[in-house]
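Asker: mind folding the following:
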Amino acid sequence: MNHARHYSIEEANAALAWVGGLLERMRSARLQLNDREARAALAAAAAVNGGGAPAKVVSKAFLELRETLAQLRSADVVVRDLDRGLVDFPTIRDGREVYLCWAQGEDAVGWWHGPDSGYAGRQPL
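Answerer: Numbers count the residues shown, from 1 in each chain. Reported below is the predicted structural model:
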């Protein structure tokens, strides 16, 4: 077993709003990390004062991204694709560990797949 926690379908569905909120926070933080203006300002300011305000923006975004990912990991929720909002919830099915699969925009968890098959191997519950 790769995971300490295993979700029922009901538990996974109950976690969707929380997971979706964390995914949105991660996307927002990633945008700040990739913001060209912030990175250019950081590069320009780094030689003078260690980065100043632009460094704080980038650092805050990095910490936000790290914190939200840690929250998901501590709950044994696996982020597969941040852009699509694709996550997996470990579960036990027929005596083996598999994943309940959900993508943002889907109303509920309605799919599962084996540990090696991923999104392409999703099967309806």
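Asker: from here on, just use CA atoms for contacts and neighbour counts.
Answerer: Noted.
Asker: report the central residue of the chain.
Answerer: Residue closest to the average C-alpha location in the chain (Cα atoms, centre = their mean): Val79, at 4.1 Å.
Asker: does that residue belong to a helix, a strand or coil?
Answerer: Secondary structure, DSSP: H, G, I helix; E, B strand; the rest coil: Val79 is strand.
Asker: any idea how far it is from Gly95?
Answerer: 23 Å (Cα to Cα, to the nearest Å).
Asker: got it, and Pro115?
Answerer: 13 Å.
Asker: do a quick rundown of the strands in this protein.
Answerer: 78-81, 86-93, 96-103, 111-113, 123-124 (DSSP state E).
Asker: what strands line up against the third one, and which way round?
Answerer: Taking DSSP bridges as the criterion, strand 96-103 pairs within the sheet with strand 86-93 (antiparallel), strand 111-113 (antiparallel).
Asker: make a markdown table out of these and add mean pLDDT, distance to Tyr99 and mean neighbour count.
Answerer: Formatted as a markdown table, those follow (pLDDT from 0 to 100; distance: least, Cα to Cα, whole Å; neighbours: other Cα atoms under 10 Å):
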| stretch | mean pLDDT | distance to Tyr99 | mean neighbour count |
| --- | --- | --- | --- |
| strand 86-93 | 97 | 4 | 21 |
| strand 111-113 | 98 | 5 | 21 |
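Asker: reformat those strands as CSV; add distance to Arg122.
Answerer: As requested, those are exported to CSV (distance: least, Cα to Cα, whole Å):
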stretch, distance to Arg122
strand 86-93, 11
strand 111-113, 5
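Asker: mind checking which of those is nearest Ile9?
Answerer: Ile9 sits nearest to strand 86-93 of all the strands paired with strand 96-103, at 8.4 Å, using Cα to Cα.
Asker: in the chain, where is pLDDT below threshold?
Answerer: Applying pLDDT under 70 to the chain flags the ranges 35-58.
Asker: mind doing that once more with 80?
Answerer: Where the chain drops to pLDDT under 80, the residues are 32-61.
Asker: that concludes my questions; thank you for your assistance.
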